[in-house]
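Asker: compute the structure for the input listed below.
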Amino acid sequence: MPRDFRSIKEDSLKRWDPSFLRFRYYKRRTGYPDTPFMSSHPRTLEPAILASIARNLRISKSIQLAGFVILLYDHALTFDDEVERIWKHRLSGASLLFLLNRYISPLRSIVATTAFHHPQWTGTACSNFVQFLGASSVSVSSLCGLLMILRVYALYHRSNTLLVLLLSIWVAQLVTSVVGISTAGALQLPPGPMFVGCILTATSKWLAVNWAGPLILDGAIFFLTLWRTREYLRSSDKIPLLQILVRDGTLYFLVIFLVNLSNAFLYFFAPNNLKSAASSLTVMLTSAMVSRLVLNLRSAPAAGVKLVNSATLSRPNTSIVFSTMATIAIGNMGEEVETSKGSKPASNRDSVHLEP
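Answerer: Prediction:
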């Protein structure tokens, strides 16, 4: 079957024009439009292509730097709460997860910011680093996922069925993310002082699961939180602790879901050198949101919430609807709930009300 003129022309260019090969390589790696060269020099690219590469590189660096600044600013704002609500109390498993998430993310971001701007991070060093960058992203996302699962587990009165379901989704997300990150590579940039940066990018379609996977878990957690919110909205009593659970569960989980959705959107619709532009921002925002979820919940006892036996409640309807819910949530976060003098042991308390 005879081939069309375009195929014959491309074969000719591939055979005789090295600059065409170079352009096709950058087009495949960066996703730029198929435009002809204005220069016949085999080692030069068209200025418009170079300008496009430089522009997208600057966008990626700006997004990463913005996320880093937000993360550090959030740490500064909430450090006092962290000292009061975490360090001054007995550490639990959930507290340990919180601290890992709290400090792995900024340490990872410091290294990533350096690699984005340091001219020596090239070649083998860059290839090895992007694997570390991907692995650390998966680690932080997994820690955040566990903390969110703990929260929903508390909201549903330690439902083992729900826990198994969410953990199954979490394990599937972890496995697919590891597979996806293992196929990622370093973004190939033209030589020159303007093109500096060691940046993770997609080299196969498997990386899509790294962005699409968290959407399933985040979506499930968001839906389950909204479902549990119905009981709160139907209640005539508005308990501060439950207000925190509802407010954070709807607002923060929505933010986490949207930033992961933006990652998936960029992967499917953006040029290759912008597919991972928001990945670092997503990791840092998710880390900051989950940290605030824990700190806000741990701050609830200081706001006047008290746990007592349900028989002593003046508003029994509220205690029935939310029986043990807040106790489990706070206990899972390792919080020692403040009680009045002479109150019963924690094991006998199963409901929440306000101090008079």
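Asker: where exactly do the strands run in the stretch 201-350 of the chain?
Answerer: Under the criterion DSSP state E, counting those that start in this stretch, the stretch 201-350 of the chain contains strands at 305-308.
Asker: low-confidence regions, it specifically.
Answerer: Scanning the stretch 201-350 of the chain for pLDDT under 70 picks out 202-208, 232-233, 235-249, 300-350.
Asker: helices along that one, start to end?
Answerer: Assigned by DSSP state H, counting those that start in this stretch, the stretch 201-350 of the chain shows helices spanning 208-234, 240-269, 279-298, 316-321, 325-332.
Asker: winner for burial among the ones you listed?
Answerer: helix 279-298 (a mean of 24; mean count of other Cβ atoms under 10 Å). The way it works is simple: take the backbone N, C-alpha and C, and place the C-beta from them, glycine included.
Asker: buried residues in stretch 83-101?
Answerer: Across stretch 83-101, burial judged by 16 or more other Cβ atoms under 10 Å covers 85-86, 94-95, 97-99, 101.
Asker: whoops, stretch 46-64 was the one
Answerer: Buried residues in stretch 46-64, counted by 16+ other Cβ under 10 Å: 46, 49-50, 52-53, 56-57, 60-61, 63-64.
Asker: need the contact list for residue 286.
Answerer: 140-141, 144, 256, 259-260 (Cβ atoms under 8 Å, 6 or more residues apart in numbering).
Asker: and if we set it to 6 Å?
Answerer: Contact analysis of residue 286 by Cβ atoms under 6 Å, 6 or more residues apart in numbering lists 144, 256.
Asker: surely residue 257 touches residue 222?
Answerer: Yes: with contacts counted by Cβ atoms under 6 Å, residue 257 reaches residue 222, the gap being 5.5 Å.
Asker: distance of the residue nearest to residue 262 when sequence neighbours are not counted from residue 285?
Answerer: Excluding its sequence neighbours, the residue lying closest to residue 262 (Cβ to Cβ, 6 or more residues apart in numbering) is residue 278, at 5.5 Å. In this view, residue 278 and residue 285 are 9 Å apart by Cβ to Cβ, to the nearest Å.
Asker: ditto for residue 116
Answerer: Relative to residue 285, residue 116 is positioned 17 Å away (Cβ to Cβ).
Asker: what does residue 124 give?
Answerer: Residue 124 is 31 Å from residue 285, by Cβ to Cβ.
Asker: tell me, how many residues neighbour residue 133?
Answerer: 25 (other Cβ atoms under 10 Å).
Asker: cool, the one 3 residues further on as well?
Answerer: Using other Cβ under 10 Å, residue 136 has 19 neighbouring residues.
Asker: tell me the contacts of it?
Answerer: By Cβ under 6 Å, 6+ apart, residue 136 lies in contact with residue 108.
Asker: so it is in which element?
Answerer: Under the criterion of DSSP states H and E, residue 136 resides in helix 123-155.
Asker: before we move on, the earlier item: now tabulate the helices of the stretch 201-350 of the chain in CSV and tack on distance to residue 151.
Answerer: Shown next, in CSV, are the helices of the stretch 201-350 of the chain (distance: least, Cβ to Cβ, whole Å):
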stretch, distance to residue 151
helix 208-234, 8
helix 240-269, 7
helix 279-298, 7
helix 316-321, 18
helix 325-332, 7
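Asker: to residue 130, which of those lies closest?
Answerer: Closest approach to residue 130 among those (Cβ to Cβ): helix 279-298, 10.9 Å.
Asker: walk me through the domains of the protein.
Answerer: 61-302, 305-354 (automatic domain parsing).
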